[in-house]
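Peer 1: can you look at this prediction? I've put the sequence above it.
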Amino acid sequence: KEKVVQAREKLKANSAKKRGELDESKLFQEFRTEVGEMNNFVAEKRKLVREDSFKDGIGNIKAKAKKHQVLEGEIKANAGQLKVLNRTGQQMVQRNHFKAKEIGEELSAVNSAWESLVEAVKEQGSKLGQAEAQNDYNRMTADIKTKMADIKNLMNSTD
């Protein structure tokens, strides 16, 4: 009878250990899914930044400015998700998760990609600001030229 009880206790212990390993594995897979989603978000927005360059000149600046504001809003909204992802990954590493090395590497990669995206968006915002200023300057110059031509015509006309 005692052998049966010992075997049962050993089975319970092994079962609990296996359950813990499975839970850790599930947590890792959920983490990887979230990292993949964040990487997809970053890649999609990075592509948007490249597509919305100023290769086609400074035409339609207002529409580009609006799109840029939306992009900045999406990045701010997802920054919280990145913080949660980092916190989750760091907790897993601190608990000596069996995939701690991969978790650290994935966190490093996603944070690097995020920083690259943020820098690209800042640079685009700066260029957009310069383009808006140039556009305003051109419009103001054209208005002044028109007014000068009107004044010249008034001065040359004989009443």
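Peer 2: Happy to help now that I have it. Remember, predicted model here, so these are calculated numbers, not experimental data. Numbers count the residues shown, from 1 in each chain.

Peer 1: tell me where this structure has helices.
Peer 2: Assigned by DSSP state H, the chain shows helices spanning 2-51, 61-94, 100-156.

Peer 1: now those in a markdown table, with mean pLDDT?
Peer 2: Below are the helices of the chain laid out as a markdown table (pLDDT from 0 to 100):
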| stretch | mean pLDDT |
| --- | --- |
| helix 2-51 | 93 |
| helix 61-94 | 93 |
| helix 100-156 | 93 |
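
Peer 1: can you list those in TSV and add mean neighbour count?
Peer 2: No exception for glycine: its C-beta is placed from N, CA and C like everyone else's. Below are the helices of the chain laid out as TSV (neighbours: other C-beta atoms under 10 Å):
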stretch	mean neighbour count
helix 2-51	12
helix 61-94	14
helix 100-156	13
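
Peer 1: what about stretch 103-121, distance to the chain center?
Peer 2: 9 Å (C-alpha atoms, centre = their mean, to the nearest Å).

Peer 1: give me the residues contacting that stretch.
Peer 2: 28, 31-32, 35, 38-39, 42-43, 45-46, 49, 68, 71-72, 75, 82, 85-86, 89-90, 92-93, 97 (C-beta atoms under 8 Å, 6 or more residues apart in numbering).

Peer 1: redo that, cut-off 10 Å
Peer 2: Residues from elsewhere that reach stretch 103-121 (C-beta atoms under 10 Å, 6 or more residues apart in numbering): 27-28, 31-32, 34-36, 38-39, 41-46, 48-50, 68, 71-72, 74-75, 78-79, 82, 85-86, 88-93, 97, 99.
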